[in-house]
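Peer 1: Structure of the sequence below:
(chains A and B)
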Amino acid sequence: MKLRRLLYTVPLRLRSIFRPGQVERELEEELRFHLDHKIDEGIARGLSPQQARFAALRAMDGLDQRKEQMRDARRIHWLTDFVDDLRYATRSLRRTFGLTAFVVVTLALGIGMSAAAFSMVDGLILRPYPVPRSGDVVDLVSTTRDDGFDEFSYREYVDLRRLTTSYDGVIAGTTVLPVGFSAERGATPRIKAGMLVSGDYFGVLGVVPQIGRAFREDEDAVPGRDAVMVLGPDFWKHDFGGDASVVGRTVRLNGTDFTIVGVAPESFPGMQIFQRPDFYVPLAMARALSMDRDKNFFEDRDYRSLGVRARLKAGTALQAARHEITFLAQTFAREYPAANRDRGATVHTMFEMRTRNDFGEWKFIVIFAVLSLVVLSVACTNVAGLLLSRGQARAREIAVRLAIGAGGSRVIRMLLTESLLLAVVGGAGGVAVAYAAIRFFHTLRIPSELPVVLPFRLDERVLLASLALSISSAVACGLAPALQATRADLVNGLKSADVDVPARRRWWGRNALVVAQVSLSLVLLTASFVMMRGFRIGVDAGTGSVKDHVLMARFDPRLMQYSLPQTQRFYQLLVERAGATSGVESAALTQNPPLGLNPFDRIAFVPDGFVMPRDRETFVATMDTVDEGFFATMDVAVLRGRGILRSDSADAPLVAVVNEQFAKHYWQGEDAVGKHIRLNSGTGTLVEIVGIARTVKYRQSFEKPTDFVYLPVAQHPKSGMVLLMRSSGDPHQLVGPLESLVHALDANMPISDVRTYADVYRYNVVEGPGVGVEIVATMGAVGLMLAVAGLYGLVAYSVSRRTREIGIRMAVGASPWDVLRLVMSKGLTLVAIGVAIGLTLGLGLERLLSAFLFNAGGIDVLAYAVVVPALLTATLFATYLPARRASHIAPTQALRYE
Amino acid sequence: MLPLDTEMSKPTDLVQGTLDLLLLKLLALEPLHGWAISLRLRALSGDVLNVSEGSLYPALHKLEQEGWIKAEWKTTENNRKAKFYALTRLGKKQLEAEAANWKRLSSAISHVVQLSEI
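Peer 2: Residues are numbered from 1 along each chain as shown, chains lettered A, B, ... in the order given. Here you go, the predicted structure:
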């Protein structure tokens, strides 16, 4: 019924909208037809043509009103009115082009920043899983007193799957693991992101492969039997050229042959936020992928490495599922006290998982989002202020409109159309700003082992959010001035354009706003300036270690199932041959190069002979495991004693090199060389300190000096190590020789994270901090713009209200200069208050930043010498423009206003 | 506002909505143009129903926009183009509904009127 109606009405409406001329002609024609007959009829009755015509028209009972009624019947009135309003708004905005441009830019920045912030909030928190009915997918977590979000072991997962009844399927998956991948036998493996998943992973999530099939459940039944894999869509496109015949092909993962059985669909890039799995492998193949060899994945109940998710059954309450799993956890704790004592379990929604407390990124983003919304609302307030002052000038026009019969709502609609137009143009600009901001984040090249995907993007959700922001800011900006305009007293409005309404209280809010803007923008500008200088000093001072000419490559022979002696043999040969390669000055091994992304290990120790404070048993310091070539290769100077030597082998006495800061910390005024520390406890293994190295930057270019300990790799063997090669020329040229030398050692050994050390350095010292500086600087600049806009609006508003007063003053002898002073003094008072507050806050913030950026230390006079005059000039300009206009008012003209 | 001639003042003594019913009924018999409808109305209802020619066209346009009648430009016997209105299937249903409604209403009213005379 409804649909059939549309069949008739839609074409009619469309015709009214798109062929208005024709529709109008037909209306005229129809009426003329009627009138002609009526006139003929009148003449036939004996009236004169003139009389007949008059009678015919009279019978219509108001022809033009009838026509208007007929037009109304078309139900597109709202549209034609809107088009008229739009046309009018465009014209009147174009007339005040400067003001319009300013408003649009302000709004664009506010909307753009908010949209960019939304894309981040969306990416980190709101965006649903890329699976059908994503709302049913919940996370099952193991809990302890310290960790509310622990994972489950394989055994626990199997039990959960068997014993729970709240779900349509329980699935498990590891995190994304580095896996050595080679498309064919003999090719040097590359590190790719692999993920172990349960056999029903795709089935339960409702993900249907675009080619081939997902895993069969029996492929996840017997450990090590079914070497099958499903490719991720991006990996398939990039590494297989989107070739549909990959299904059935065999590739090698960590030296084991795997058969590709399917390709996940485009719509399913994976369940992770920051990473995209390149391929999926059944849990039963865990041994082939990188899992800890000391533990048995399939048996050890305390080897918790699986994230468990489940699809809640329709009609099952989350609370019921929570009760169930809590009960199960109690059972586990009773049955397996060794692994599960004091361990609970619970169920979380996606939102709860993403906003968990131990996962901090989202908080920064939310703060950023709130800040941008504040910026937007301040921008809106400013725009409202500007429109208000414009509305003042238009009071008479609106009064005329109201007087000749325009409805109040019609006038409000007209004025709102104007702000809507502003907001939409501003919103379009905002999308551009958001795009630029998101692009800016994507220019960051993060030197991580597996690619990190920033989930920020300009998608339809962000566009929708921008539209919503634009429309709500249009209403926010436009409603108050529009209401004010229509509320104005008609009689006064017609009499004079300048209605004096005492409104001190409303002024107070605007004044406070301007003061807040000035001080806030000063603080932000100072902060960005200080940060910028701090980082610059950090860069200039250097990090204490080398930054050019070094190539790094990461290895992990665990991936190739090496035993410990095999691993040690491999590294020994690797570093020997690397050092012997032509063009290589030196080669070395380290667990983590300084300023890398991976965290350093920590070492617990007691300095020998120290009486420990009552409340602690050991001290803790960050540490690295290095070989004898490290100090020379990284240019870390050994100041006293010696570095690590080749003779510091497994059976030699244990030694350590500490940094200057460490030596100073524990042996102030003494020589630390020759002193001992005990590892792990006061009765632990004795280690002799044989050398003191220069304190360098370990994690951040701007960090404070930190305690650091180097241990020889021969005495503390590790599986994952980084090879450093220092070249005399371009380190990129070492990539080829490195690959062939590794290939000769073991053709299947994957090499990952091959990059120059300069890349790591650039990210950590230049680009990473740069993002922080630019965000703060942008906010400072936007703040300044808003402050200028706010001031301008305020002063312009006050000038427009005081035109008559100014006229009188000038008529009784005030000079333009007096007027200028009168008008500007108010604005400048506000600026002065704002600057005073801003300086106070800025000094406090600077102290805070100095604590954080150890290099920035002291009061940065230069920052204030630049920022304060810049702010003053800008605000001076904002007050000067309207003030000058006021001083140019001819007294006669101003008085005629009355 | 000037006082209007009483003859010209609101001529519709029609109950609200009944004009729609009349128009639908007329058009159910055969497709007609506006002038013919006005003649028909005058002839059929005589002096009892006074339908203003002015309100005829807005009413027709409203019915058209509702999808109950559809318009078509055709040539009359005098060789002039005129807009002919015809009932749509939707309009037929509407007519049935309104006619039923009208019957209920009028019988209810006459019932009440008779009651009051006891």
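Peer 1: how about low-confidence regions in chain B?
Peer 2: Residue ranges of chain B with pLDDT under 70: B:1-17, B:45-50, B:116-118.
Peer 1: where do the strands sit along it?
Peer 2: B:32-33, B:69-75, B:81-87 (DSSP state E).
Peer 1: Output these in TSV, with distance to chain A and mean neighbour count appended to each entry.
Peer 2: For glycine as for every other residue, the C-beta is placed from the backbone atoms N, C-alpha and C. Formatted as TSV, these follow (distance: least, C-beta to the nearest C-beta, whole Å; neighbours: other C-beta atoms under 10 Å in any protein chain shown):
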stretch	distance to chain A	mean neighbour count
strand B:32-33	7	22
strand B:69-75	7	16
strand B:81-87	5	20
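Peer 1: Output the ones you listed in JSON lines, with distance to A:Asp730 appended to each entry.
Peer 2: Shown next, in JSON lines, are the strands of chain B (distance: least, C-beta to C-beta, whole Å):
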{"stretch": "strand B:32-33", "distance to A:Asp730": "90"}
{"stretch": "strand B:69-75", "distance to A:Asp730": "80"}
{"stretch": "strand B:81-87", "distance to A:Asp730": "84"}
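Peer 1: Tell me the spacing between the closest residue to B:Thr18 other than its chain neighbours and B:Ile69.
Peer 2: Excluding the flanking residues, the one nearest B:Thr18 by C-beta to C-beta, 6 or more residues apart in numbering or on different chains is B:Trp102, at 7.1 Å. Distance, B:Trp102 to B:Ile69, using C-beta to C-beta, to the nearest Å: 18 Å.
Peer 1: if we can go back for a sec, out of the strands of chain B, nearest to A:Leu421?
Peer 2: Of all these, it is strand B:69-75 that lies closest to A:Leu421, at 36.7 Å by C-beta to C-beta.
Peer 1: hang on, the earlier thing: quick one: neighbours of the residue nearest to B:Thr18, just the number.
Peer 2: When neighbours are defined as other C-beta atoms under 10 Å in any protein chain shown, B:Trp102 has 16 of them.
Peer 1: ok, now how distant is it from chain A?
Peer 2: Distance of B:Trp102 to chain A, given as C-beta to the nearest C-beta, to the nearest Å: 21 Å.
Peer 1: my read: that residue touches B:Asp20, true?
Peer 2: No. Assessed by C-beta atoms under 8 Å, B:Trp102 is found out of contact with B:Asp20, at 10.4 Å.
Peer 1: First-to-last residue distance for stretch A:446-466?
Peer 2: Start to finish, the residues bounding stretch A:446-466 are 28 Å apart (C-alpha to C-alpha, to the nearest Å).
Peer 1: Give me the buried positions along that stretch.
Peer 2: Neighbour-count burial for stretch A:446-466, counted by 16 or more other C-beta atoms under 10 Å in any protein chain shown, picks out A:Pro447, A:Glu449, A:Leu450, A:Val453, A:Leu454, A:Phe456, A:Arg457, A:Leu458, A:Val462, A:Ala465, A:Ser466.
Peer 1: For the closest residue to chain B within the stretch 301-450 of chain A, give me phi and psi.
Peer 2: For the stretch 301-450 of chain A and chain B, the shortest gap (C-beta to the nearest C-beta) falls at A:Gly405, measuring 13.1 Å. Reported as degrees, to the nearest 10, the phi and psi values for A:Gly405 are phi 110, psi 10.
Peer 1: residues near it, how many?
Peer 2: Using other C-beta under 10 Å, A:Gly405 is surrounded by 7 other residues.
Peer 1: what does chain B have sitting close to chain A?
Peer 2: B:8, B:11, B:33-35, B:38, B:52-55, B:57-58, B:61-62, B:64-67, B:70, B:73, B:80-83, B:88-90 (C-beta under 8 Å from any C-beta of the partner chain).
Peer 1: One more pass at 6 Å, please.
Peer 2: With C-beta under 6 Å from any C-beta of the partner chain as the criterion, chain B comes near chain A at residues B:34-35, B:52-54, B:57-58, B:61-62, B:65, B:67, B:82-83, B:90.
Peer 1: picking up where we left off before, out of the strands of chain B, flag the one nearest A:Thr875.
Peer 2: strand B:69-75 (65.1 Å).
Peer 1: Of all the strands of chain B, which one comes closest to A:Met779?
Peer 2: strand B:69-75 (60.8 Å).
Peer 1: strand partners of the closest one, parallel vs antiparallel please.
Peer 2: Looking at strand B:69-75 with DSSP bridges, its partner strands are strand B:81-87 (antiparallel).
Peer 1: residues near B:Ala43, how many?
Peer 2: Neighbours of B:Ala43 under the rule other C-beta under 10 Å: 8.
Peer 1: any idea how far B:Ile37 is from it?
Peer 2: Taken as C-beta to C-beta, the span from B:Ala43 to B:Ile37 is 11 Å.
Peer 1: Now do A:Lys664 against chain B, distance only.
Peer 2: Taken as C-beta to the nearest C-beta, the span from A:Lys664 to chain B is 89 Å.
Peer 1: Got phi/psi on the residue in the stretch 151-300 of chain A that chain B sits nearest to?
Peer 2: In the stretch 151-300 of chain A, the residue that lies nearest chain B is A:Ser267 (40.2 Å; C-beta to the nearest C-beta). Main-chain torsions, A:Ser267, degrees, to the nearest 10: phi -70, psi -10.
Peer 1: and it, how many residues sit next to it?
Peer 2: 12.
Peer 1: which ones are touching it?
Peer 2: Contacts here follow C-beta atoms under 6 Å, 6 or more residues apart in numbering or on different chains; on that basis A:Ser267 touches A:Pro130.
Peer 1: what's the closest non-adjacent residue to the residue in the stretch 551-700 of chain A that chain B sits nearest to?
Peer 2: Proximity of the stretch 551-700 of chain A to chain B (C-beta to the nearest C-beta) peaks at A:Leu597, 66.0 Å away. Spatially, and ignoring its direct neighbours in sequence, A:Leu597 is nearest to A:Ser448 (5.2 Å; C-beta to C-beta, 6+ apart).
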